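Chemist: Next come a sequence and a model predicted from it.
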Amino acid sequence: MDKKNSTLGEFIIENQASFQYSSGELSKLINALRLAAKVVNHEVNKAGLIDILGAAGDTNIQGEDQQKLDVLANEKFIQTLKNREIVCGIASEEEDSFISINSSDERHQNKYVVLIDPLDGSSNIDVNVSVGTIFSIYRRITPVGTPVTLEDFLQPGKNQVAAGYIIYGTSTMLVYTTGHGVNGFTLNPAIGTFYLSHPDMQFPETGKIYSVNEGNYIHFPQGVKDYIKYCQKEEGDRPYTSRYIGSLVSDFHRNMIKGGIYMYPKSSMASNGKLRLLYECNPMAFLAEQANGKASDGHQRILDIQPTELHERVPFFCGSRKMVEKAEEFMK
Ligand SMILES: O=P(O)(O)OC[C@H]1O[C@](O)(COP(=O)(O)O)[C@@H](O)[C@@H]1O
Ligand SMILES: [Mg+2]
Ligand SMILES: [Mg+2]
């Protein structure tokens, strides 16, 4: 069968053998994420027709006003994973602490934990700009059959067994890696099936797009200011084009296809920037490296960072390898 025609379900089965310790559990887990993605996609598409726009009225542990769609997406992903008893723990950007899940079947204890950003790009929900969901999967490190602990979630990103995102945009796509390259699947809404549309995605080695919230320019470290000036200078293949959607998933996706760099630096207002290491930076860094790109905090490889807190933030520089290296030079 021509690879391009394969569905996500077929692709998962075909690639199961490449998973370390493959017992089918990781395949079931990715299948469950696929299902939850379709459920949330259905709700996102109705935004404006049903009551899911605007704030939900609560504040999450990040100190952000939760949007109704943040809450709905969070519930749908957690519910879908819980009901299928295929993970032993879940951590979410929208939950204060991690959720421990014990399988009702003594003989079958799960070995994976999932970390999710259920709705990425929340500030774009009400204005019909593309948003996403981000997921990251680890093999637990505490003994199977015992309750999960914080330790199981505070693993360096290089321990991830899988990571991906769903983008709810002009089309809905699921893009993921299990450590064997990055593949993108597009949802055919007529039949509710994801098809392999973007096999073996690769970041171009360099590009002409830089993505950063320039509204924060005066608060950025000098190195970042200098790199932005470098991007804007009339010289060689520059100036680059500034593109910033304000949804990490969408900016990353565009830059992976066209070549570019996304930056959310630290600033005098936010000493570690805004993005969460566990829910946003680690999964996107794993995808970037699997697609020949690069991700750092301006100095250190994101995937080598040892997390210390569930909701910690880190500065984030991610995209085409040569562009991230250039930005790091300026940061030095
Ligand atoms: O509005 P800002 O400060 O530029 O932040 C935009 C960034 O914040 C985020 O929205 C953070 O993610 P959440 O929406 O999941 O909180 C990123 O998707 C995006 O890149
Ligand atoms: Mg996010
Ligand atoms: Mg979010």
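Modeler: Received it, and whenever you're ready, just let me know what you need. Numbering: from 1, shown residues only. Ligands and ions are numbered 1, 2, ... in the order given.
Chemist: Nearest residue to the middle of this structure?
Modeler: When C-alpha atoms, centre = their mean is applied to the chain, the residue found nearest the centroid is residue 134 (3.3 Å).
Chemist: List the contacts of the residue nearest to it when sequence neighbours are not counted.
Modeler: Of all residues beyond its chain neighbours, the one nearest residue 134 is residue 117 (4.1 Å), with distances taken as C-beta to C-beta, 6 or more residues apart in numbering. (Each C-beta comes from the backbone N, C-alpha and C, glycine too.) Contacts of residue 117 were listed using C-beta atoms under 8 Å, 6 or more residues apart in numbering, and they are 92-93, 133-135, 276, 279-280.
Chemist: Just give the number of residues close to residue 67.
Modeler: Residues lying near residue 67 (other C-beta atoms under 10 Å) number 23.
Chemist: Quick one: list the elements packing against the helix or strand harbouring residue 231.
Modeler: With the criterion set as DSSP states H and E, the secondary-structure element containing residue 231 is helix 222-232. Contact analysis of helix 222-232 by 3 or more C-beta pairs under 8 Å, 6 or more residues apart in numbering; DSSP states H and E lists helix 321-331 as its packing neighbours.
Chemist: Confirm for me that residue 65 is in contact with residue 54.
Modeler: No - the criterion here is C-beta atoms under 8 Å, and residue 65 misses it with residue 54 at 9.6 Å.
Chemist: got the phi/psi numbers for the residue in the stretch 1-150 of the chain positioned nearest to ligand 3?
Modeler: Shortest the stretch 1-150 of the chain-to-ligand 3 distance, computed as C-beta to the ion: residue-wise this is residue 117, at 4.4 Å. Note on residue 117: its backbone torsions stand at phi -110, psi 90 [degrees, to the nearest 10].
Chemist: Any figure for the gap between it and residue 124?
Modeler: 14 Å (C-beta to C-beta, to the nearest Å).
Chemist: quick one, helices of the chain?
Modeler: Listed in chain order, the helices of the chain (DSSP state H) span residues 8-15, 25-45, 68-83, 150-153, 222-232, 248-258, 282-290, 321-331.
Chemist: Redo those helices as JSON lines? Include mean neighbour count and distance to ligand 1.
Modeler: Listed next are these as JSON lines, based on neighbours: other C-beta atoms under 10 Å; distance: least, C-beta to the nearest ligand atom, whole Å:
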{"stretch": "helix 8-15", "mean neighbour count": "17", "distance to ligand 1": "24"}
{"stretch": "helix 25-45", "mean neighbour count": "20", "distance to ligand 1": "13"}
{"stretch": "helix 68-83", "mean neighbour count": "20", "distance to ligand 1": "7"}
{"stretch": "helix 150-153", "mean neighbour count": "17", "distance to ligand 1": "18"}
{"stretch": "helix 222-232", "mean neighbour count": "17", "distance to ligand 1": "14"}
{"stretch": "helix 248-258", "mean neighbour count": "24", "distance to ligand 1": "4"}
{"stretch": "helix 282-290", "mean neighbour count": "27", "distance to ligand 1": "10"}
{"stretch": "helix 321-331", "mean neighbour count": "19", "distance to ligand 1": "16"}
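Chemist: And the nearest residue to residue 7 once chain neighbours are set aside, how far from residue 8?
Modeler: Closest residue to residue 7 apart from its sequence neighbours, by C-beta to C-beta, 6+ apart: residue 193 at 5.4 Å. Going from residue 193 to residue 8 by C-beta to C-beta gives 8 Å.
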